[in-house]
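S.K.: Sequence below, structure please.
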Amino acid sequence: MRGTFYGIGVGPGDPELLTVKAIKAIEAADVLIAPKTEKKDGSVALKIARPYLKEGVEIVYQVFPMVKDFAKNPEAWEENKAEILALLDAGKNVAFLTLGDPMFYSTYIYVFRLMEQEDVEIVTIPGVPAFAAIGSRLNRPVVEGDDILAIIPGTADRADIEKILSAVQSAVVMKVYRNAPEIIDLLAENHMAEDAVLVSRAGLDDEKIIRDIGAQRGEPLNYLSTILARRN
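M.R.: All right, here's what the predicted structure looks like:
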């Protein structure tokens, strides 16, 4: 009998933000899939979940390519899919750990697309997204009243970002990286930079909070970051 496949959101960084349901699933798993990139050792998601790992749990590291258009490149993921299926066929419960929420700009979504094609029981457990954790961490409302909120990937086309920022009162810009100066300029043009805050590595030991984001204009970031902004 095949095991169950779990997609578990571990939040942005603080292990105490994991839900009770997530912790129970981690404790029940026979195998934990820890995603990592080719450029870095270890897995941030695994580090966050480590306080809840049971003794002897099997940990499998999988490297996932940074593919922008998954629909055109599913073969890049097939090897990882085959490895997961082999574990499930052995009757093991397999938990895939992912940062933030599994269904929100997550690597897990690509894995889920492949696994749902198989005869596999899938249980997806939500996690706290970075922007929600940042708002609470800083005692800063993300959106309130009748404000319209836009959640924008910093990797989007400049024209699309400009159009969206002009139409909303509040914005969360995620995946801000080396294009930080350009993103900050766009926020300034839309009167959303003065009170904005930028956070890198939210909830982790090397968390970085920048409240005067104008000072960041000429300096690209070393980590993916999130900006919370609101029109003045």
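
S.K.: what about Tyr105, neighbour count?
M.R.: 15 (other Cβ atoms under 10 Å). Bear in mind the C-beta positions are built from the backbone N, C-alpha and C, glycine included.

S.K.: Run through the neighbouring helices and strands of the helix ranked longest in the chain.
M.R.: Using DSSP state H, we find that the single longest helix of the chain is helix 78-89. Here helix 78-89 touches strand 58-63, strand 94-98, helix 107-115, going by 3 or more Cβ pairs under 8 Å, 6 or more residues apart in numbering; DSSP states H and E.

S.K.: residues making contact with the first one?
M.R.: When you say that, I think you mean strand 58-63. Residues outside strand 58-63 that contact it (Cβ atoms under 8 Å, 6 or more residues apart in numbering) are 30-38, 43, 46, 80, 83, 87, 92.

S.K.: quick one: the helices in the chain?
M.R.: Ranges of helices within the chain are 20-28, 44-49, 78-89, 107-115, 130-137, 158-165, 180-189, based on DSSP H.

S.K.: between the ones you listed, which gets nearest to Arg201?
M.R.: helix 44-49 (8.8 Å; Cβ to Cβ).

S.K.: Just the C-alphas of the closest one, formatted as PDB.
M.R.: Extracted C-alpha coordinates of helix 44-49, given in PDB (Å, rounded to 0.1, in the frame of the first residue of the first chain):
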ATOM      1  CA  VAL A  44      16.500  26.300   4.900                       C
ATOM      2  CA  ALA A  45      13.100  24.500   5.200                       C
ATOM      3  CA  LEU A  46      14.700  21.600   6.900                       C
ATOM      4  CA  LYS A  47      16.500  23.900   9.400                       C
ATOM      5  CA  ILE A  48      13.200  25.500  10.300                       C
ATOM      6  CA  ALA A  49      11.500  22.100  10.900                       C
END
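
S.K.: what is the mean pLDDT for it?
M.R.: For helix 44-49, mean pLDDT is 94.
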